[in-house]
Every structure is written in structure tokens, then in C-alpha cells.
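Visitor: sharing a model that was predicted from the sequence below.
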Amino acid sequence: MSRILLLEDDVSLIDGLLYSLKKNGFEVETVRTVSDALACIPEIQKYDVLLLDVTLPDGTGFEVCEKIRKLGKQIPIIFLTASDEEVSVIRGLDCGGDDYITKPFKLGELCSRIRALLRRAGISNSEKMTSIECGDITIDLPRSRVLLRGKGLELTGAEYRLLCLLVRNADRIVTRDVILSELWDGTGDYVDDNTLSVYVRRLREKVETDPSHPEHLITVRGFGYQWKEVSP
């Protein structure tokens, strides 16, 4: 579950954003002033995306963005702005923002923008990393190769993408909606909820000693799936 820090002082907008973002599988923490947002910077790496309102009672979201970028933090940042004037947009992007969305906006569009940024950030991280290790499993990213206790696994493309998403979020619950959106959004493949269940079952047959009693790929009923680290 991706974690978002929301900087916004409009209570009515906060309520709508919290409802929509949580429904779409995001975990959200809210602050209402620039000073409170700056106080989060020492632990800013625990967030996956920042949503920053531009105009706050004690300053602007630009100040928060500039401070974070000066510290070398590359966390994705989206500005929420009441103005689409060119000068405001340019300032937001120049100070290190990745995207902006103009109020009033559709919540579905905001969620799509967030997912797009997360995908881009994932690709960027993949380019820097050569492998992911989690307990008894190792993913060789350049070769798209998976080793389980040192033995190679034969996976389809969909199974490999699913495994990578789960292992990257080890010990976090990844909702079914997020999996469907992140893995197949824009790929041209149509995958419904039942098809996802089939992929999960097939992946379990390849990674579990006893697929009927999984240790790695756990179903969290009513929410989604969770990858548990198992020692080699």
C-alpha cells in the first residue's frame, strides 16, 4: 500500500480526498500547515508521494518542495493548485515538482496521476537496482530472472510482474484494485478479478512448498495480498 503525505488546509477537500484515496488503496497522512509538513521531513522517506497544496495559512507548498529537493530527496511531488496560470505552473515545476493538478479536479484523475508517478518512480528505481532480495527469493532485474533458494523459477510475464510488485511491497498489504491497476493498466491486456485469482494460484504453485498452506503469498481477505519474507 503506497503511503501519501497530504498537505492541505481545506477541511471539506481533505474529507473527500481521504475517502477517495483510501478507497483506491492508498494510505494517507494529513498535515494542514507548512510548518507541520516541514516537521515531517526527517522521516520523509516513509512516504511514496507528496500532495502539496500551494497556498497555506503560513506559506506555500513550494517552500516544502524546495526544502525536500535541497536535501536530495527524490520523492514524487504533485502540487494541488487553485490556479493554472503559467507562472504558477512554471514555479512549481522549477522548484522540483513532478506534476500539478488544478482545483477543482476529478478525484479519479488525481489517482491516475499518482499511479503514473509511482510507475515512473518504480522504473527509475529499477534502473538503479540490479536485484531485489527478500528472504529466500532473489529477483535479477536486468535479466528478469527469479531465484527461489538458489533455483530458477519459470514464470510468465504476468506472473513475474505480479511477483515483483508483491516483493517490492513485502509485508505490506497490496489491494486487488491496486494490483489490477498497476500491472495491467495501459498494457492492453484485460484482466478481471477472477483472472487475477488464477494468476495468484499459479504463482503459488511455483513459489510455495505447499500451495494450500502458503508461507510467502498470503491472502488478506477483504483487502488483497501480502508477501511474507521467508528465511532461506
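Guide: Received it, and whenever you're ready, just let me know what you need. Numbers count the residues shown, from 1 in each chain.
Visitor: and the pLDDT at the residue nearest to E229 when sequence neighbours are not counted?
Guide: Nearest non-adjacent residue to E229, counting by Cβ to Cβ, 6 or more residues apart in numbering: G135, 3.9 Å away. For every residue, glycine as well, the C-beta is placed using N, CA and C. Listed pLDDT for G135 reads 89.
Visitor: ok, G122 next?
Guide: Taking G122 on its own, its pLDDT is 70.
Visitor: what residues does it make contact with?
Guide: The contact partners of G122, taken as Cβ atoms under 8 Å, 6 or more residues apart in numbering, are R168.
Visitor: contacting residues around L118?
Guide: The contact partners of L118, taken as Cβ under 8 Å, 6+ apart, are S2, D48, V49, P76, E182.
Visitor: show me which residues of the helix or strand bottoming out on mean pLDDT in the chain are buried.
Guide: In the chain, the helix or strand scored least confidently by mean pLDDT, DSSP states H and E is helix 107-128, which has a mean of 73. Neighbour-count burial for helix 107-128 flags L110, C111, R113, I114, R115, A116, L117, L118, A121 (criterion: 16 or more other Cβ atoms under 10 Å).
Visitor: which stretches of the chain form strands?
Guide: Here the chain has its strands, by DSSP state E, at 3-7, 27-31, 49-53, 55-56, 59-60, 77-81, 99-102, 131-134, 137-140, 145-148, 151-152, 173-175, 217-220, 224-227.
Visitor: mind checking which of those strands is nearest P211?
Guide: Of all the strands of the chain, strand 217-220 sits nearest to P211, with 8.9 Å by Cβ to Cβ.
Visitor: partners of that closest one, with directions?
Guide: strand 224-227 (antiparallel) (DSSP bridges).
Visitor: pull the CA atoms of the least confident helix or strand of the chain into PDB?
Guide: C-alpha atoms of helix 107-128 as PDB (Å, rounded to 0.1, in the frame of the first residue of the first chain):
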ATOM      1  CA  LEU A 107     -10.600  12.500  -7.900                       C
ATOM      2  CA  GLY A 108     -10.200   9.700 -10.500                       C
ATOM      3  CA  GLU A 109      -7.800  11.900 -12.400                       C
ATOM      4  CA  LEU A 110      -5.800  12.600  -9.300                       C
ATOM      5  CA  CYS A 111      -5.500   8.900  -8.600                       C
ATOM      6  CA  SER A 112      -4.400   8.200 -12.200                       C
ATOM      7  CA  ARG A 113      -1.700  10.900 -11.900                       C
ATOM      8  CA  ILE A 114      -0.500   9.400  -8.600                       C
ATOM      9  CA  ARG A 115      -0.200   5.900 -10.100                       C
ATOM     10  CA  ALA A 116       1.600   7.300 -13.200                       C
ATOM     11  CA  LEU A 117       4.200   8.900 -10.900                       C
ATOM     12  CA  LEU A 118       4.600   5.800  -8.800                       C
ATOM     13  CA  ARG A 119       5.200   3.700 -12.000                       C
ATOM     14  CA  ARG A 120       7.800   6.200 -13.200                       C
ATOM     15  CA  ALA A 121       9.500   6.200  -9.800                       C
ATOM     16  CA  GLY A 122       9.500   2.400  -9.900                       C
ATOM     17  CA  ILE A 123      11.100   2.300 -13.300                       C
ATOM     18  CA  SER A 124      13.700   4.800 -12.100                       C
ATOM     19  CA  ASN A 125      14.500   2.700  -9.000                       C
ATOM     20  CA  SER A 126      14.700  -0.400 -11.200                       C
ATOM     21  CA  GLU A 127      17.300   1.200 -13.300                       C
ATOM     22  CA  LYS A 128      19.500   1.900 -10.300                       C
END
